[in-house]
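S.K.: Predicted model follows, preceded by the sequence.
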Amino acid sequence: MTGANSFHVSGYGPERAGWTRLFARDSLARRLDWPILLAAIALSLIGSVLVYSATRNRTEINQGDPYYFLIRHLLNTGIGFALMIGTVWLGHRTLRTAVPILYGAAVFLVLLVLTPLGTTVNGAHSWIQIGGGFSLQPSEFVKVTIILGMAMLLATRVDAGDRQHPDHRTVVQALGLATVPMLIVMLMPDLGSVMVMAVIVLGVLLASGASNRWVFGLLGAGTIGAIAVWQLHILDDYQINRFAAFANPDLDPAGVGYNTNQARIAIGSGGLTGSGLFQGSQTTGQFVPEQQTDFVFTVAGEELGFLGGGLIILLLGVVLWRACRIALDSTELYGTIVAAGIVAWFAFQSFENIGMTLGIMPVTGLPLPFVSYGGSSMFAVWVAVGLLQSIRVQRPLSA
């Protein structure tokens, strides 16, 4: 592309422009999807306030510092934002060539969790303790590498013009690529992450144009697999209890159903406008466990009410809407698949997290994207935003 609308930035052309052109009229700033960026920033900032409200009085976990979790959440957001900028700067096409390395690193990290280096948090053996109070949850990054890896395989021959749709052999290879880390994560066991990955796989296949027989076949295989997992007792007792409490909310309300019951009480007490920021009795009284992570939406429901919770859902909707537009506007199948995989990831994880606080979904320990406290999750979702922005800036100016 030449002329007044020419655009070159690292990873997008033979000329590697400096950062001085970053905000030129015809370069990156003009091409960024600002609604998705501003919505993600707003969600992270709202999350900071909610995390502070949920942890300021919890001396048993905040080490006596009411700002402990707030500072770390803001730090995680800042690092995530930097990772987004780095992802845009590199470009999704450059990362496409690095998929084998990224995939190998992700599989290696999830394997480390199964070694003595892995640690257990809230019943899930899904973490690697780094030191200095920091830990890493590799399964969050596996979501990104599954999307990139499957997109690379499914789109290679189509983008080259050799085929209109992925053939069966390519689909089998893509499914094999996704299955390896999913099986490892299942062994931890981290059922919530496996559920998200399964939805990602379905979303990627649908976006790739693969035969619908694969989608229906996977749905059937998933049903059979879920039955097998239950019958073979692969799940831990706490996971089985969570599903039992979901099926019967009145089952042991002081035990396995405690989290869900307290979450519903907190949200229900908020009404339309909430009890006021930092004024929620359930939050201040520390009745809802893991409120800064899994159940952060209950803080919004109680203290900001239906309007505050609705604002979070609206902002998540903006992210999903713009991500869908990016997928549809992409001029290459690879970009379409990557964006569609991210949509599937964000949509299901948001629905599952909010749904479990309302009692309409089982408790799985999945964080709310951009809002919940947690470094690994924050880093992964901001990298995903970087991929979306990279696909967006890649399109022609007239698109």
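M.R.: Okay, I see it.
S.K.: which residue ranges form the strands in the protein?
M.R.: Applying DSSP state E to the chain gives strands spanning 118-121, 124-131, 134-136.
S.K.: so what secondary structure elements neighbour the shortest one?
M.R.: Contacts of strand 134-136 with other secondary structure elements, assessed using 3 or more C-beta pairs under 8 Å, 6 or more residues apart in numbering; DSSP states H and E, are made with strand 124-131, helix 375-394. (Glycine included, C-beta is placed from N, CA and C.)
S.K.: what do you get if the cut-off is 7 Å, keeping everything else the same?
M.R.: Applying 3 or more C-beta pairs under 7 Å, 6 or more residues apart in numbering; DSSP states H and E, one finds that strand 134-136 contacts strand 124-131.
S.K.: Run the chain-centre distance for the strand it packs on.
M.R.: In terms of C-alpha atoms, centre = their mean, to the nearest Å, the centre of strand 124-131 is found 18 Å from the chain centre.
S.K.: ok, back up a step: out of the strands of the chain, nearest to L202?
M.R.: Closest of those to L202 is strand 124-131, at 22.5 Å (criterion: C-beta to C-beta).
S.K.: Excluding its own residues, what touches that closest one? List them.
M.R.: If you take C-beta atoms under 7 Å, 6 or more residues apart in numbering as the criterion, strand 124-131 is touched by 109, 112-113, 117-119, 121, 135-139, 188, 190, 365.
S.K.: Quick one: mean pLDDT over that strand.
M.R.: Mean per-residue pLDDT for strand 124-131: 74.
S.K.: Pairing partners for that strand, with directions?
M.R.: strand 118-121 (antiparallel), strand 134-136 (antiparallel) (DSSP bridges).
S.K.: tilt between it and helix 375-394?
M.R.: Orientation check (axes from the mean of the first three to the mean of the last three C-alpha atoms, to 10 degrees): strand 124-131 against helix 375-394 gives 90 degrees.
S.K.: Now for this protein, the helix or strand with the poorest mean pLDDT.
M.R.: helix 237-247 (a mean of 60; mean pLDDT, DSSP states H and E).
S.K.: what stretches of the stretch 201-350 of the chain score poorly on pLDDT?
M.R.: Counting by pLDDT under 70, the stretch 201-350 of the chain has low-confidence residues at 226, 229-257.
S.K.: what ranges do the helices span in it?
M.R.: Along the stretch 201-350 of the chain, counting by DSSP state H, counting those that start in this stretch, helices occupy 212-231, 237-247, 258-270, 281-284, 297-303, 305-329, 333-358.
S.K.: would you turn these into TSV with mean neighbour count and distance to F370?
M.R.: Output for those, formatted as TSV (neighbours: other C-beta atoms under 10 Å; distance: least, C-beta to C-beta, whole Å):
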stretch	mean neighbour count	distance to F370
helix 212-231	12	28
helix 237-247	16	24
helix 258-270	20	19
helix 281-284	20	20
helix 297-303	30	12
helix 305-329	18	8
helix 333-358	24	9
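S.K.: Can you say which of these is nearest to K143?
M.R.: Distance to K143, taken as C-beta to C-beta, is lowest for helix 333-358 among the helices of the stretch 201-350 of the chain, at 5.7 Å.
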